[in-house]
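> Just to be clear, the model below is a prediction. Sequence and coordinates:
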Amino acid sequence: MSETRQESRLHLALNAFMATLHRDLVVTGREFVQFLVQALMQPLFFLFIFGKVLPGIGLAAQGFTALLLPGIVGLSSMLASLQGVTLPLVLDLGFAREIDDRLLAPQPAWMVAMEKLLIATVRGAIAGLTIFPVGWLILGSSFAVRTDRLPTLALMILLTAATGAVIGLLMGTVIKPEQISLMFTLIFTPLIFTGCTYYPWARLNILWFKVVTLFNPLTYCSEGLRYAMVPPFHGHDMPTLGIGWVVLALIFGIGLCAFAGTRTFLKRVVS
Amino acid sequence: MSSAPAIAVRDLKKRYAQSQVNAVDGVSFEVERGGIFGLLGPNGAGKTTTIGILTTAVVPTGGEASIMGFDVVGEQIRVKQRIAVVPQRSNLDRSLLVREILTFHAAYHGVPRREREAHADALLKELGLYERRNEKADRYSGGMSQRLMIARALMHKPDVLFLDEPTNNLDPQSRLFLWERIRALNEQGLTILLSTHDMLEADQLCQRIAIMDHGKILVNDTPAELKKLIPGGNSLELHVETNEPARLSERFGALPGVTKVEEVASGNGESDDNVHAFHVYAAEVPSLVGAAAQAILESGARVRDISVRQATLEEVFIYLTGRHLR
C-alpha cells in the first residue's frame, strides 16, 4: 500500500497535473530543434521574401516590414500552439491512445485537457518570441519594434498562443485522423490569409473582406501585436483595431473555445 | 469500507448514445479481494464496456459499481488510485524512454522520486527489460510491450489489476511467462479481473468465471462447476482390446448410473483392429472407473487406457453462447 492513499483529492490531482506538465516539458525540450523548425520555417520564409526581398527590389512600400513583423509573430505563435495540440491529439484519440495513461492518473479528465492548453500556450509563446532575434538577423536595419509597450506585447503574445491552443483543442477533438490533410487546406489556408498577417486591417478597402477578417481570431492577434510593436511614423501611431476590444475579444474567444474544446475532449475520452 | 469487496457491480447498465440496445444490460457480480476473476464472452458481449465502466472510461446509464468500496462515478480519483489497466493494444508513451514510461506513470500517481526510480529498476529487472531500459518503446516486440505495460501498471501499487485479453497475439513463451506472472502477482494479494476469449487461459488462471453475452452474465461460477453445466458433459473414455465390442458396450450400459454409451473412433492412431474406444456417460463418472474395469476383465478383454474426460470450457462456452458468428 502506498502512502499516497491518504492524500487529499485536490493534492493528488494537482500532483498529477504537474507531473503531466513535467512530462510534456521534458518531451518538448528533447524535440526542441524539431519543434522550432516545424514552427518557424514557413513564417521565416514569409519574413524574408515579404520583409526583405520585395522591399529590396521596390515591390513593397517603405514601412511594410515594420507592420509585417507583428503579423509574423502572431502567425508563428498561433500556428505553433495550434499544431502542438491538434496533430498529437487527433492521432492520440484516433488510435495511439497514449493519453490513456494520463487519463488513468488520479485527476479529473478535464485537467488533462487544461494541461494540454497550458503546454501548447508555452510552446506558442516560445515560437512567437523566437521571431524577434531571428527577424533582427534577417531584416537587419529595417527591423523596428517600439519598446514603450512591452507589457502589452507580452500580453498579446500570451493571448495569441492561448488562442491557438484552444482552437487546437477544439479541432483536435473534432477532426478524425483521415481528415487531417483536408484540415490543412480547409482551415489553415483561410486562417493564415484572412488573419491580417500581411496587411493592416484599417487599410483594407474591400468591405466584405474587411468584415470576413473580423471572424478570424488571428486578425485580433495581428492587430494587437501591431499596436504593441509598430513604431510611430512621423509622430503618429499606426491605426489598428482598438487594443481594448482586441484583448476583450480574445479573452472571450479563448474562454468560449476552451469550454467547447473541453466538452468535446470529454466526449472523446469518456463515453 | 475496509471489508468492501475488491469489485462490486450491481445491476449495471450502459446504453451508448444512438444505440437501441444496452451494451451492458443489468450485470451484477462481485470479486473478492485477492481473487482472479475471468470475464468471458464473444466479441460484442459487453466485456470491454464493463471494464470501461470499472476503470472510469465509460459512464454507466444505470446501476452501481465500486472498486474497494469507492463508487466508480462519484469517487473517480480514489478509484483511479487503486486500479491499473493493461489494455489489449499497446498505448505506451512513444515520446519517452522505456524507463521513463514507468517513472512518469508513478509520478502521475504521486509516488516520490526515490521510490519510483527504485521500483522501476526492480520491475524492469524482474520482467527482463532492464538491458533495454533506455530505448524507446516502439522498438519493442509485442511480448516486450505487454511486459512493459504490466510493469507500468504495477508502478503505483494498485489493488485491482484489469487485463483486457492480455495474451492476445503473444507467442507461446510470452503467454506462459505472463500466466506465471499473473499467478505470482495474485499470490502477492493483487485482485485481478481478466477478460479473454481464450478458454485455456481462463481455465488456467481464473478462480471464478462469468460468461457474458448480449450484455448479460449467463453464468458465474468456478471453472470446475461451469464444466458440469453441459448435461452429461463428463464421460469415461475407455480403450479396450476385445473381439466382442457390441457385447462389451451392452455391459457398460448396464452399469449403475450410466446414461449413454457410444463407440467412437479410436483416436490414438492404433492400427490394431481389436482396439475399440468407448465413451461412457454418467452423472458420477469417477466412481464408474472401478466398475468399468471390472466389466472389461470379466468379459475377457484387455484395458489399454482409461481416462475421465471432462467437458472443456470451450464446450461450455459454445453451449451457452451458440455457434453463430458475431
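Now that the structure is in, tell me what you want to look at. Note that the coordinates shown come from a computational prediction; the quantities given were computed from them, not determined experimentally.

> For B:D272, report the pLDDT, please.
For B:D272, the pLDDT comes out at 64.

> Report how many residues lie close to the residue of the stretch 201-326 of chain B found nearest chain A.
Taking CB to the nearest CB, chain A has its nearest neighbour within the stretch 201-326 of chain B at B:G215, 15.2 Å off. C-betas here are computed from N, CA, C, even on glycine. B:G215: 23 surrounding residues under other CB atoms under 10 Å in any protein chain shown.

> these two touch, right, it and B:V27?
Yes. B:G215 is in contact with B:V27 according to CB atoms under 8 Å; the separation is 7.2 Å.

> any residues in contact with both of the two?
Shared contacts of B:G215 and B:V27 (CB atoms under 8 Å, 6 or more residues apart in numbering or on different chains): B:G46.

> Does the nearest residue to the residue of the stretch 201-326 of chain B closest to chain A once chain neighbours are set aside belong to a helix, a strand or coil?
Leaving aside its chain neighbours, B:G215 sits nearest to B:D25 (3.5 Å; criterion: CB to CB, 6 or more residues apart in numbering or on different chains). Under DSSP: H, G, I helix; E, B strand; the rest coil, the three-state class of B:D25 is strand.

> Tell me how many other residues surround B:D25.
Neighbours around B:D25, by other CB under 10 Å: 19.

> And for B:N186?
17.

> ok, it touching B:E32?
No. B:N186 lies out of contact with B:E32 (CB under 8 Å); the separation is 11.9 Å.

> can I get the CA coordinates of the longest helix anywhere in chain B in PDB?
Assignment by DSSP state H gives helix B:172-187 as the longest helix of chain B. Listed in PDB are the C-alpha atoms of helix B:172-187, where the atom choice follows Å, rounded to 0.1, in the frame of the first residue of the first chain:
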ATOM      1  CA  PRO B 172       3.600 -19.300 -26.500                       C
ATOM      2  CA  GLN B 173       6.700 -18.400 -24.500                       C
ATOM      3  CA  SER B 174       5.400 -14.900 -23.700                       C
ATOM      4  CA  ARG B 175       2.000 -16.400 -22.900                       C
ATOM      5  CA  LEU B 176       3.400 -18.800 -20.400                       C
ATOM      6  CA  PHE B 177       5.600 -16.200 -18.800                       C
ATOM      7  CA  LEU B 178       2.600 -13.900 -18.500                       C
ATOM      8  CA  TRP B 179       0.500 -16.600 -16.900                       C
ATOM      9  CA  GLU B 180       3.200 -17.200 -14.300                       C
ATOM     10  CA  ARG B 181       3.500 -13.500 -13.600                       C
ATOM     11  CA  ILE B 182      -0.300 -13.100 -13.200                       C
ATOM     12  CA  ARG B 183      -0.400 -16.000 -10.700                       C
ATOM     13  CA  ALA B 184       2.600 -14.600  -8.800                       C
ATOM     14  CA  LEU B 185       1.000 -11.200  -8.600                       C
ATOM     15  CA  ASN B 186      -2.200 -12.700  -7.400                       C
ATOM     16  CA  GLU B 187      -0.300 -14.600  -4.700                       C
END
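
> packing partners for that helix?
With contacts defined as 3 or more CB pairs under 8 Å, 6 or more residues apart in numbering or on different chains; DSSP states H and E, helix B:172-187 has these neighbours: helix B:142-154, strand B:191-196, helix B:199-205.

> about what we covered before: tell me which residues touch the residue nearest to B:G215, please.
Neighbour list for B:D25: B:13, B:46, B:214-216 [criterion: CB under 8 Å, 6+ apart].

> How far off centre is the strand or helix carrying A:A80?
Per DSSP states H and E, A:A80 falls inside helix A:64-91. Centre-to-centre, helix A:64-91 and its host chain are 5 Å apart (CA atoms, centre = their mean, to the nearest Å).

> Check which helices and strands that helix is in contact with.
With contacts taken as 3+ CB pairs under 8 Å, 6+ apart, helix A:64-91 sits against helix A:32-48, helix A:54-56, helix A:109-139, helix A:150-174, helix A:180-183, helix A:217-229.

> Okay, strands next: where are they in chain B?
Assigned by DSSP state E, the strands in chain B fall at B:7-14, B:24-31, B:36-40, B:62-67, B:70-71, B:83-86, B:160-164, B:191-196, B:208-213, B:216-221, B:235-241, B:258-264, B:275-282, B:302-309.

> ranking these by burial, who's on top?
Highest mean neighbour count of the strands of chain B: strand B:36-40, a mean of 26 (counted as mean count of other CB atoms under 10 Å in any protein chain shown).

> got the contact list for that one?
Residues from elsewhere that reach strand B:36-40, judged by CB under 8 Å, 6+ apart: B:7, B:29, B:31, B:47, B:50-51, B:182, B:186, B:191-197, B:199, B:202, B:205-212, B:313, B:317.

> Give the partner strands of that strand in its sheet and their orientations.
strand B:191-196 (parallel), strand B:208-213 (parallel) (DSSP bridges).

> Near A:T28, how many other residues are there?
18.

> what about it, distance to A:C221?
A:T28 is 22 Å from A:C221, where distance means CB to CB, to the nearest Å.

> and if you look at A:I126?
16 Å.

> ok, and for the lowest-mean-pLDDT helix or strand in chain A, which residues are buried?
Least confident element among the helices and strands of chain A, by mean pLDDT, DSSP states H and E: helix A:180-183 (a mean of 84). Buried residues in helix A:180-183, defined by neighbour count with 16 or more other CB atoms under 10 Å in any protein chain shown: A:M183.

> Ok, stretch A:160-177 next?
Neighbour counts over stretch A:160-177 (16+ other CB under 10 Å) mark A:160-175 as buried.

> ok, of those residues, which one's closest to B:T55?
For the buried residues of stretch A:160-177, the closest approach to B:T55 (CB to CB) belongs to A:T173, at 20.7 Å.

> quick one: contacts for that closest one?
Neighbouring residues of A:T173 by CB under 8 Å, 6+ apart: A:89, A:93, A:261, A:264-265, A:267-268.

> Same list (these) but as JSON lines, adding secondary structure and neighbour count.
Below are these laid out as JSON lines (DSSP: H, G, I helix; E, B strand; the rest coil; neighbours: other CB atoms under 10 Å in any protein chain shown):
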{"residue": "A:L89", "secondary structure": "helix", "neighbour count": "25"}
{"residue": "A:L93", "secondary structure": "helix", "neighbour count": "18"}
{"residue": "A:G261", "secondary structure": "helix", "neighbour count": "25"}
{"residue": "A:T264", "secondary structure": "helix", "neighbour count": "16"}
{"residue": "A:F265", "secondary structure": "helix", "neighbour count": "25"}
{"residue": "A:K267", "secondary structure": "helix", "neighbour count": "12"}
{"residue": "A:R268", "secondary structure": "helix", "neighbour count": "18"}
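
> need those in CSV with pLDDT, can you?
Shown next, in CSV, are the contacts of A:T173 (pLDDT from 0 to 100):
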residue, pLDDT
A:L89, 91
A:L93, 88
A:G261, 95
A:T264, 95
A:F265, 95
A:K267, 92
A:R268, 91
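
> between the residues you listed, which is nearest A:V211?
Each of the contacts of A:T173 was checked against A:V211 using CB to CB; the closest is A:G261, at 25.8 Å.
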